[in-house]
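Enquirer: Sequence first, then the predicted structure, then my questions.
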Amino acid sequence: MSFQAYLDNIEEKTGKTPNEFIAMAKEKGFDNPATKAGVIVDWLKQDFDLGRGHAMAIVHIIKKGDKISDKHVGTGTAHGDPSNTLKLDGKDN
């Protein structure tokens with residue numbers, strides 16, 4: 001599953017766009033570089049019933065924004081993304 005597909009699935013499950021998760025994390029102070037991933041994962045599990053893989057995708061966008069590694073970009077594989085820039089404003093925008 002591509003990184004973008006993870007984000008799209010999270011939106012379908014929770015009704016929240018990636019940008020909404022980033023805003024909620026900022027309100028909680030989770031955008032602080034010192035905040036450990038486990039704290040964010042616990043919040044996402046408790047409040048949104050997200051599993052570890054999906055939660056770590058949200059951790060990535062909170063910590064690193066919309067950029068991903070070029071490693072899987074354009075590979076045409078199941079884990080490939082068409083771009084190294086993720087869509088954070090929702091799958092329908």
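Expert: Perfect, thanks for sending it.
Enquirer: which ones are touching N93?
Expert: Taking CB atoms under 8 Å, 6 or more residues apart in numbering, we find N93 in contact with 17, 87. All C-beta spots, glycine's among them, are computed from the backbone N, C-alpha and C.
Enquirer: Before we move on, what's the pLDDT of the closest residue to L88 other than its chain neighbours?
Expert: Of all residues not flanking L88 in the chain, P18 sits nearest, at 4.0 Å (CB to CB, 6 or more residues apart in numbering). Model confidence at P18, given as pLDDT, is 98.
Enquirer: how close does P18 get to K67?
Expert: Distance from P18 to K67, counting by CB to CB, to the nearest Å: 13 Å.
Enquirer: Which residues are in contact with each of these two?
Expert: L86.
Enquirer: I'd like the distance from the residue nearest to the spatial centre of the chain to T35, if you could.
Expert: Most central in the chain under CA atoms, centre = their mean is I58, positioned 2.8 Å from the mean C-alpha point. Using CB to CB, one gets 13 Å for the distance from I58 to T35.
Enquirer: How about E12?
Expert: 26 Å.
Enquirer: Also K64?
Expert: Distance, K64 to T35, using CB to CB: 13 Å.
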